[in-house]
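> Coordinates only, no sequence provided:
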């Protein structure tokens, strides 16, 4: 490992350590802030963790955490915005999917929500969580992923600057430049059913205060998986 790797490891340990020391009160603060300001917290969780995932993927592919035109700050801004959108989607699908299931199955909505929100882990809770994950990742994820791909291209084409990110995106040109063989054949057809369906099933089983954080961590994991796969190929 290089010096930059050790610096990153030390920084990560320094940030995470207070959460595991009860006397610091960081974990209690985290839970309170997440409950009080869910969208602001989602912005920073995704801005930091998902961008870190992209930096780690770049490190695996090219040996560096940053390069000219990569645009760490613009990517953080985009991921923060997407984090708030993902939080909104999670709220909508966590309530809307059980309502749809109750309508289709001719059963009581409150009963399903009682099973889904119960603290104990049951097969019923797992089943509902899986249905929520499938609904969200089938309906919302492709749109979000395509938008994120467009912003990636826009950031690269405008030199990786904040000013460049704020310029109007030539959507027609950007969308036509996307490699749809990869976007459809890999991102949609493989990562959504094979990674996101089961991964977000676990997300919706977790306590509410940890769900958005875990979703952001999944972005780090997927970035590493895709980077390792691309390097292996």
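Nice, thanks for sending it over. The shown structure was predicted, so the numbers you read here are calculated from the model rather than taken from an experiment.
> alpha carbons only for contacts and neighbour counts from here, please
Noted.
> what's the spacing between residue 58 and residue 48?
15 Å (Cα to Cα, to the nearest Å).
> those helices in the protein, which residues are they?
Using DSSP state H, the helices of the chain run over 3-16, 26-36, 38-62, 72-105, 109-117, 123-139, 141-157, 162-165, 171-177, 180-182, 197-205, 208-232.
> Can you list the buried residues in the shortest one?
Applying a neighbour-count criterion of 16 or more other Cα atoms under 10 Å, helix 180-182 contains no buried positions.
> shouldn't residue 198 be in contact with residue 131?
No - here residue 198 does not reach residue 131: they are 10.3 Å apart, not a contact under Cα atoms under 8 Å.
> And the pLDDT at the residue lying farthest from the centre of the chain?
Distance from the C-alpha centroid of the chain, by Cα atoms, centre = their mean, peaks at residue 106 (33.2 Å). For residue 106, the model assigns a pLDDT of 90.
> cool, and residue 228?
The model reports residue 228 with a pLDDT of 64.
> now swap in residue 140 and tell me
With respect to pLDDT, residue 140 has a value of 96.
> before we move on, back to that, okay, residue 198 and residue 131: which has more neighbours?
With neighbours defined as other Cα atoms under 10 Å, residue 198 and residue 131 compare such that residue 131 has more, 19 against 15.
> Tell me how far the more buried one lies from residue 125.
Distance of residue 131 to residue 125, computed by Cα to Cα: 10 Å.
> Now do the lowest-mean-pLDDT helix or strand in the chain: which elements does it pack against?
The helix or strand of the chain with the lowest confidence, counting by mean pLDDT, DSSP states H and E, is helix 208-232 at a mean of 77. Counting by 3 or more Cα pairs under 8 Å, 6 or more residues apart in numbering; DSSP states H and E, the packing neighbours recorded for helix 208-232 are helix 26-36, helix 38-62, helix 197-205.
> Check which residues of it are buried.
Buried residues in helix 208-232, counted by 16+ other Cα under 10 Å: 211-224, 226-227.
> out of those, which one sits closest to residue 25?
Closest approach to residue 25 among the buried residues of helix 208-232 (Cα to Cα): residue 213, at 17.9 Å.
> Might one say that the closest one is in contact with residue 45?
Yes - between residue 213 and residue 45 there is a contact at 6.3 Å, judged by Cα under 8 Å.
> burial measure for residue 36, as a count.
That count, for residue 36 with other Cα under 10 Å as the rule, works out to 11.
> ok, it - contacts?
Not one residue lies near residue 36 by Cα atoms under 8 Å, 6 or more residues apart in numbering.
> what does the model give residue 182 for pLDDT?
At residue 182, the model reports a pLDDT of 86.
> Next one: residue 196 from residue 174, what distance?
Remark: distance between residue 196 and residue 174 (Cα to Cα) = 25 Å.
> With neighbour numbers in mind, choose between those two.
residue 196 (24 against 16).
> wait, doesn't the more buried one sit right on residue 137?
Yes - in this structure residue 196 lies within contact range of residue 137 using Cα under 8 Å: 6.9 Å.
> domain parsing for this structure?
By the assignment in automatic domain parsing, the chain contains the domains 1-36, 38-232.
> Between its first and last residues, how far does the first one reach?
For domain 1-36, the separation between the terminal residues is 40 Å (Cα to Cα).
> So for that domain, mean pLDDT?
Per-residue pLDDT values over domain 1-36 give a mean of 80.
> For the remainder of this discussion, apply numbering that starts at 55.
Renumbered: residue one is now 55, and that last one reads domain 55-90.
> will you turn the helices of the chain into JSON lines that also has distance to residue 244?
Shown next, in JSON lines, are those (distance: least, Cα to Cα, whole Å):
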{"stretch": "helix 57-70", "distance to residue 244": "30"}
{"stretch": "helix 80-90", "distance to residue 244": "32"}
{"stretch": "helix 92-116", "distance to residue 244": "19"}
{"stretch": "helix 126-159", "distance to residue 244": "20"}
{"stretch": "helix 163-171", "distance to residue 244": "27"}
{"stretch": "helix 177-193", "distance to residue 244": "12"}
{"stretch": "helix 195-211", "distance to residue 244": "12"}
{"stretch": "helix 216-219", "distance to residue 244": "29"}
{"stretch": "helix 225-231", "distance to residue 244": "21"}
{"stretch": "helix 234-236", "distance to residue 244": "10"}
{"stretch": "helix 251-259", "distance to residue 244": "10"}
{"stretch": "helix 262-286", "distance to residue 244": "11"}
